[in-house]
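[1] Okay, structure incoming, though there's no sequence with it:
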């Protein structure tokens, strides 16, 4: 079992920045690809960013590419999402997710590929 706890959400004006953190605990010795997803009210959960277990590969949704950066510190069992140039349409509940994998360079885009989820942290961007 892996427990994920997100933090760093809040209220920010358009154009501002936030950094989300996701701290993992429990069975963290296994390899986990990590992802950030978001869900706005009335909408489905959508992929935002992903990073491989070794941190060597990342990818982003087109809507956040160039503005968001995902990174990880395996020594601290923590994944980050740096969000810059925030827009009102970025307003959502942001979830961290972990996918157990034997491939250190794989990343995943579908929520069904992830085994563990955090409780979410709210990001609200005002115009």
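    Yep, that arrived. Computed from a predicted structure; not experimentally measured.
[2] so who does the residue most central in space within the chain touch?
    Relative to the mean C-alpha position of the chain, the nearest C-alpha, by CA atoms, centre = their mean, is the one of residue 36, at 2.2 Å. By CB atoms under 8 Å, 6 or more residues apart in numbering, the contact list for residue 36 reads 20, 22, 48-50, 68, 70, 79, 81, 94-97. No exception for glycine: its C-beta is placed from N, CA and C like everyone else's.
[3] would a markdown table of those with secondary structure, distance to residue 59 and pLDDT be doable?
    As requested, the contacts of residue 36 are exported to a markdown table (DSSP: H, G, I helix; E, B strand; the rest coil; distance: CB to CB, whole Å; pLDDT from 0 to 100):
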| residue | secondary structure | distance to residue 59 | pLDDT |
| --- | --- | --- | --- |
| 20 | strand | 17 | 98 |
| 22 | strand | 17 | 97 |
| 48 | strand | 10 | 98 |
| 49 | strand | 7 | 98 |
| 50 | strand | 5 | 98 |
| 68 | strand | 11 | 98 |
| 70 | strand | 9 | 98 |
| 79 | strand | 14 | 97 |
| 81 | strand | 13 | 98 |
| 94 | strand | 17 | 98 |
| 95 | strand | 17 | 98 |
| 96 | strand | 16 | 98 |
| 97 | strand | 14 | 97 |
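[4] biggest separation within the residues you listed, which pair?
    Spanning the widest gap among these are 68 and 97, at 15.4 Å by CB to CB.
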